[in-house]
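A.B. asks: predicted model follows, preceded by the sequence.
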Amino acid sequence: MTRPKTLAGRIAYTSRKPGRVGEERGRETFVMARHADGSLTITAHCEIDEPAPTVERDVIYSMDAQDRPTDCHVRLTVGGTFMGAGLFRMTPGLITCDSFGPSIGRISQAIPVEGAYDGFGTHPIIGDAYMTRCMDLALGPHKRPLRTFLPSVDHRGATPPLAVESRIFIEYVGEADATTPAGHFHCRRFRFSDEEGGMVGKDGAHPVYDVWVTADENSVFVQGGVDGYMQTWYELVELGKL
């Protein structure tokens, strides 16, 4: 399949908690723009209605033609109030961040980075799916540590944007088909797990998170869910070309 230059879509966030199964708890719209030099920019707007306080997140995230992070801008509103905004820049051996917000003032970071890392975790669902490209599918189903940097280790990303390293795990489960309101897709299934507490939430480690991703060069999120105390489900409801 020929790679489209730009894809746009919408992801529905719903609940799987008892008594609330299928209820909308948020939404995400995204654009994936492939540039002439092979680099990619993902733009996402996310809204989380439940649990309170509400979270609104705007992200612009770019990678080079080899899927290496180059820059990211994050802006957060929590409970209807501006929480913070940050600009991250990734260069060989260094990640910088310039961030500001009511609770942190203005902060500049320069974090030396030794060795390779797998990506930058931006928190939008579409970004989670694209990060699965770091897995070597030639090895077949397998599990390994995932070294990432994040703008927040909070489970909802609801803290002022600051760069922090996090180690979780990713597992390639295998191929599977999935059907959503956006259509029928041949997918690869992956599983994220937080066995060493790399993420921080009200109830400890992040619960297991399963995702189905299109089995093509675009790696678009199709469906997925988080178990444990979160009990959430995410589903691609619209997808098209711009």
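C.D. replies: That came through fine.
A.B. asks: so how far is stretch 223-242 from its chain's centroid?
C.D. replies: 11 Å (Cα atoms, centre = their mean, to the nearest Å).
A.B. asks: how about residue 157: what's its closest non-neighbour residue?
C.D. replies: residue 123 (3.6 Å; Cβ to Cβ, 6 or more residues apart in numbering). No exception for glycine: its C-beta is placed from N, CA and C like everyone else's.
A.B. asks: now residue 6
C.D. replies: Once flanking residues are discounted, residue 6 sits nearest to residue 242: 4.2 Å by Cβ to Cβ, 6+ apart.
A.B. asks: the one you found: what's it in contact with?
C.D. replies: Contacts for residue 242 (Cβ atoms under 8 Å, 6 or more residues apart in numbering) come out as 6, 7, 8, 31.
A.B. asks: now the buried members of those residues.
C.D. replies: In the contacts of residue 242, burial by neighbour count holds for 7, 8, 31, counting by 16 or more other Cβ atoms under 10 Å.
A.B. asks: quick check: the last one touching residue 40?
C.D. replies: Spelled out, that is residue 31. No: if you go by Cβ atoms under 8 Å, residue 31 and residue 40 don't touch, sitting 10.7 Å apart.
A.B. asks: adding pLDDT as columns, could you present the buried ones among the contacts of residue 242 in CSV?
C.D. replies: Conversion of the buried ones among the contacts of residue 242 to CSV gives the following (pLDDT from 0 to 100):
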residue, pLDDT
7, 96
8, 97
31, 98
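A.B. asks: circling back: from the contacts of residue 242, which is closest to residue 218?
C.D. replies: Within the contacts of residue 242, the smallest distance to residue 218 is 6.3 Å, found for residue 7 (Cβ to Cβ).
A.B. asks: that closest one and residue 140, how far apart?
C.D. replies: Note on residue 7: its distance to residue 140, by Cβ to Cβ, to the nearest Å, is 28 Å.
A.B. asks: kindly report the same for residue 179.
C.D. replies: Where residue 140 is concerned, residue 179 sits at a distance of 25 Å (Cβ to Cβ).
A.B. asks: just residue 86 next, same as before
C.D. replies: To residue 140, residue 86 is 38 Å away according to Cβ to Cβ.
A.B. asks: who has more neighbours, the two?
C.D. replies: Set residue 86 next to residue 140 and count neighbours by other Cβ atoms under 10 Å: residue 86 wins out with 23 against 8.
A.B. asks: hmm, residue 95 and that one touching each other?
C.D. replies: No: assessed by Cβ under 8 Å, residue 86 is found out of contact with residue 95, at 11.4 Å.
A.B. asks: so what does the longest strand along the chain touch, helix or strand wise?
C.D. replies: Among the segments of the chain that qualify as a strand by DSSP state E, the longest is strand 164-180. In terms of contacts (3 or more Cβ pairs under 8 Å, 6 or more residues apart in numbering; DSSP states H and E), strand 164-180 is packed against strand 142-150, strand 183-193, strand 209-214, strand 221-226, strand 232-241.
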